[in-house]
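Chemist: Pasting the sequence and the predicted coordinates here, then a few questions.
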Amino acid sequence: MGFGNGPHSELSRDPDGAYSRLIRLQETSSVSEHSEHTCLSSEKSSPRSGSRHSFSISYGNPTASGILETTTVEPDVPASVASEGPPGVSLRRLAYLNKPEIPVLLLGTIVAAVNGVIFPVYGSLLSSVIKTFFEPPHELRKHSKFWASIFVVLGVVSFLAQSSRAYLFAVAGCRLIRRVRAMCFEKVVYMEVSWFDEAEHSSGAIGARLSTDAASLRGLVGDALGLLIQNTATAITGMIIAFSANWQLSLVILVLLPLLGVNGYFQVQYMKGVSANAKKMYEDASQVASDAVGSIPTIASFCAEEKIIELYKKKCDGPIKTGIRQGIVTGIGFGVSLFLQFSVFALIFYTGGLLVAAGKTTFFAVFQAFFALTIASLGLAQSSSLAPDVSKGKSSAASIFAILDRKSKIL
C-alpha cells in the first residue's frame, strides 16, 4: 500500500487516507500501553492494602487530555471464604494450653486482687484526711503526718502490685504464645502441598496467623482473668467499706452507681477513640497520595497534576465534614455525661445531709461511703475500658484451632 509523497500536513489532510489511518493506529496503541502501565504501577505501589487502588486514564479522543479516576479492584478471595464465619471456641481448651503456667497465674491473681483493693481503700483514706482538718491543731499536725505516710505506702503498694500483675500475666501470656506458635508451625510443616494452594492458606495468611492471631490469645486467658479478679476485689471491698459506714446512704449510692460507671467508661473511650477515628477517616486520602507518588512518572507524562490534587482535596473534604460533625456530637455527649456525674454527686450529698440532720449518721461516714463506692466505680470503669478485645481474641483462637484440628492427608 502506498502512502504517497509530500509533507506531513498535506498527507494528513485526507482523513480516510492510508497515512491518516496509520497515525490513528499508532496513537491508539500508545494510549493502550500507557493505560496498562498505569494500572500495573499503581498496583505495585500499594501492596499492603486490603483492596488495590489503580489509576485508569479515560480518553474521549486520541488528542484529548485524560481524566484521572480511582477505581477499586477487589482481591481474589473465594466467596465461600469471605462469608464463612469463625467456629465456636472452647475457652476451657485454651486455658488447658496455659496449664503449665498455673503457678504464675495464681500469683498474678493474688496481685490483681491486691491491686483491686487499692481504689476503695484510697477513697476511705480521703474521708479520713477530710476528718483530720476538723481536729485540734496538735492532733491535726500529728494525724496529717500519719495519713501522708499512709498515702506514700499506698502508692508504693500500688506501684508494686500493678507492675507485678503486668509482669506475671505477661510471662504466662508469652509462654502461651510461644507454645501455640510452635504447635501451629509444626502442624503447617506437615501439611500436603495442595493445602497451600488455597487462598486462605497463602504464605501471608499463615504468617499472620502465627504472628497476630497467636498473640491475641493471651487476652482470653491471663489478661481477662486478671481483670475479672481485680474488678471483683474492687467491688467487694468498696461495698464492705461503704455499708460499714452507713447502709442507708450506701443503698442510694448503689442505685446511682451505674450512671457513674457508664460516665467513666465513655469518658475513657472518648479520649481513646478521637485519634483512631481521625486516622481511619483519612485512609482514603492517604491511599490516593500513596498511589500518586508511586505513579508520578505517569501523572507527569499526562500533565495530570492538577487533577490528582483536586482528587486528593475531594477525598479530604469528607473526613473534615465528618470530623466536625463527630466533634460536635461527642462534645455534647461528653458534656451530658459530666452533667450526669455532678448531678449524681449533688443528689448523694443532699441525701447525706438529710441523714446527718436526722442524726442517723455523721459527716465522716457520709464521706467514707461516698468516696469508697464512687472511686471504686470509677476504677471499675477505667479498668473495663482497657479490657482486651474478646471478640477479636475468639476469632484469633478459632483461626489457630482450625490449623491445629486439621488432619494432614500425607500422615
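Modeler: Received, thanks.
Chemist: Can you get me a residue count around L380?
Modeler: Using other C-beta atoms under 10 Å, L380 has 23 neighbouring residues. For glycine as for every other residue, the C-beta is placed from the backbone atoms N, C-alpha and C.
Chemist: cool, and S286?
Modeler: By other C-beta under 10 Å, 14 other residues sit near S286.
Chemist: Let me know the distance separating it from K315.
Modeler: 9 Å (C-beta to C-beta, to the nearest Å).
Chemist: how near is the residue lying closest to R181 once chain neighbours are set aside to E186?
Modeler: Leaving aside its chain neighbours, R181 sits nearest to A214 (4.9 Å; criterion: C-beta to C-beta, 6 or more residues apart in numbering). Plainly put, A214 is 13 Å away from E186 if you go by C-beta to C-beta.
Chemist: Between the two, which has more neighbouring residues?
Modeler: Under the criterion of other C-beta under 10 Å, the comparison of A214 against E186 puts A214 first, with 24 against 10.
Chemist: How much space separates the more buried one from D223?
Modeler: 15 Å.
Chemist: Around the spatially closest residue to R175 that is not a sequence neighbour, count how many other residues there are.
Modeler: Nearest residue to R175, sequence neighbours excluded (C-beta to C-beta, 6+ apart): E101, at 5.5 Å. By the criterion of other C-beta under 10 Å, E101 has 21 neighbours.
Chemist: what's the pLDDT at E101?
Modeler: We have a pLDDT of 85 for E101.
Chemist: pLDDT below threshold where in the stretch 1-150 of the chain?
Modeler: For the stretch 1-150 of the chain, residues meeting the criterion pLDDT under 70 lie at 1-9, 12, 18-19, 21-91.
Chemist: can you do 80?
Modeler: Along the stretch 1-150 of the chain, the model assigns pLDDT under 80 to residues 1-95.
Chemist: end-to-end on stretch 189-201?
Modeler: With C-alpha to C-alpha, to the nearest Å as the measure, stretch 189-201 spans 12 Å from end to end.
Chemist: buried set for it?
Modeler: For stretch 189-201, the neighbour count (16 or more other C-beta atoms under 10 Å) marks M191, H201 as buried.
Chemist: and that stretch, average pLDDT?
Modeler: The average pLDDT for stretch 189-201 rounds to 80.
Chemist: hmm, back to that, helix, strand, or coil at the residue nearest to R175?
Modeler: At E101, secondary structure determined by DSSP: H, G, I helix; E, B strand; the rest coil is helix.
Chemist: Can I get stretch 171-180 in CSV, CA atoms only?
Modeler: What follows is stretch 171-180, C-alpha atoms only, in CSV (Å, rounded to 0.1, in the frame of the first residue of the first chain):
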residue,chain,number,x,y,z
VAL,A,171,5.1,-14.1,81.4
ALA,A,172,2.1,-16.5,81.3
GLY,A,173,0.8,-15.0,78.1
CYS,A,174,4.1,-15.0,76.3
ARG,A,175,4.7,-18.7,77.1
LEU,A,176,1.2,-19.5,75.8
ILE,A,177,2.0,-17.6,72.6
ARG,A,178,5.3,-19.4,72.1
ARG,A,179,3.7,-22.8,72.7
VAL,A,180,0.8,-22.1,70.3
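Chemist: For it, give me every contacting residue.
Modeler: 97-98, 100-101, 104-105, 108, 214-215, 217-219, 221-223, 400 (C-beta atoms under 8 Å, 6 or more residues apart in numbering).
Chemist: ok, 7 Å please
Modeler: For stretch 171-180, the surrounding residues in contact (C-beta atoms under 7 Å, 6 or more residues apart in numbering) are 97-98, 101, 104-105, 108, 214-215, 217-218, 221-223, 400.
Chemist: Repeat that for stretch 96-107.
Modeler: With contact meaning C-beta under 7 Å, 6+ apart, stretch 96-107 is reached by L168, V171, A172, R175, L176, R179, V180, V221, G222, L225.
Chemist: what's the distance between the last one and R92?
Modeler: Distance of L225 to R92, computed by C-beta to C-beta: 13 Å.
Chemist: for the fourth one, same thing?
Modeler: Going from R175 to R92 by C-beta to C-beta gives 19 Å.
Chemist: more crowded one of these two?
Modeler: Shown here are R175 and R92; by other C-beta under 10 Å, R175 has more neighbours (17 against 7).
Chemist: okay, the more buried one: pLDDT?
Modeler: Taking R175 on its own, its pLDDT is 88.
Chemist: element containing it?
Modeler: Secondary structure from DSSP states H and E places R175 in helix 137-189.
Chemist: Next secondary structure after that helix?
Modeler: helix 203-208.
Chemist: Next SSE downstream of that following helix?
Modeler: Using DSSP H and E, the helix or strand that follows helix 203-208 in sequence is helix 214-215.
Chemist: Give me the residues contacting that next one.
Modeler: Contacting residues not belonging to helix 214-215 are listed as I177, V180, R181, C184, I400 [C-beta under 7 Å, 6+ apart].
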